[in-house]
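**Q** Pasting the sequence and the predicted model now:
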Amino acid sequence: MGDQDFNFPPSERREPKEFEPPPWERDAFDERSRAMAAEQQAAQAEAAAAAEEQETASIAEPAGENATHHAVEAASANDGDAAEPEAATPKVSEAQVTEMMAGLRAEEPTSMQSYGAIAIALSVFTGLLGVVMLVWAMAMFVSAGARGTGRVGIVSGSIVAIFGALFIGLSMWVAVRTLRQRGVL
């Protein structure tokens, strides 16, 4: 087998996915985009009004003063454009970020809230299974004497009783642990 068998064509590049806000924050993103659009429209209207004032002022000024005036205005406009991107990004303080994160945490359900009911239900089921095993163990002890099964009945009854006690202990441990985590105990 030659090296020519291993010539694989280059894979096609996929387009990156566009950012899509999570469903619970979509309203905030829509509101922010509307606010930014309104700010842009206000800035454009202000720029148009300033340009109109400049044109009317340049008509009234003599030609020599007009050239220096335009140069000064162009320099100040360039300085204003450089400052605009910094002003466009919102400044959020550390306290506001902490408050927003606390709000988001309060909205999200914790894993213990959803698993707590399941843990209690499984604890009850395991406890009932342990009780049933203890009843079977007592039945084995009684049948060992009545039928005369002897040591086999006693040993098997003891094993079932130990497992029943372990199941009951496990169910109690899970229930207490779950209730402590939820703050009940």
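**A** Looks like it arrived, so ask away.
**Q** Please name every helix or strand in contact with the host helix or strand of residue 53.
**A** Here residue 53 sits within helix 26-60, counting by DSSP states H and E. Helix 26-60 is packed against helix 63-88, with contacts defined by 3 or more Cβ pairs under 8 Å, 6 or more residues apart in numbering; DSSP states H and E. C-betas here are computed from N, CA, C, even on glycine.
**Q** which regions of the protein lie under the pLDDT threshold?
**A** Along the chain, the model assigns pLDDT under 70 to residues 1-5, 58, 60-90, 109-114.
**Q** any idea which residue sits dead centre in it?
**A** residue 108 (7.6 Å; Cα atoms, centre = their mean).
**Q** Does residue 156 touch residue 140 like I think?
**A** Yes. Residue 156 is in contact with residue 140 according to Cβ atoms under 8 Å; the separation is 5.7 Å.
**Q** Of these two, which one has the most company?
**A** residue 140 (20 against 17; other Cβ atoms under 10 Å).
**Q** Which of the helices or strands spans the more buried one?
**A** Assigned by DSSP H and E, residue 140 belongs to helix 111-147.
**Q** So for that helix, what gets flagged as buried?
**A** Under the neighbour-count criterion of 16 or more other Cβ atoms under 10 Å, helix 111-147 has 116, 119-120, 122-123, 126-127, 129-130, 133-134, 136-137, 140-141, 144 buried.
**Q** got a list of contacts for stretch 25-32?
**A** Applying Cβ atoms under 8 Å, 6 or more residues apart in numbering, the contact partners of stretch 25-32 are residue 21.
**Q** Pull out the buried positions in that stretch.
**A** Of the residues in stretch 25-32, none is buried (16+ other Cβ under 10 Å).
**Q** cool, stretch 178-185 as well?
**A** So, applying 16+ other Cβ under 10 Å, buried residues of stretch 178-185: residue 178.
**Q** Just the CA atoms of that stretch, as PDB, please.
**A** The C-alpha trace of stretch 178-185 is given here as PDB (Å, rounded to 0.1, in the frame of the first residue of the first chain):
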ATOM      1  CA  THR A 178     -31.000  14.600  52.500                       C
ATOM      2  CA  LEU A 179     -33.100  16.300  55.100                       C
ATOM      3  CA  ARG A 180     -29.900  17.900  56.600                       C
ATOM      4  CA  GLN A 181     -28.800  19.200  53.200                       C
ATOM      5  CA  ARG A 182     -32.300  20.800  52.700                       C
ATOM      6  CA  GLY A 183     -32.100  22.400  56.100                       C
ATOM      7  CA  VAL A 184     -35.000  20.400  57.700                       C
ATOM      8  CA  LEU A 185     -32.900  18.800  60.400                       C
END
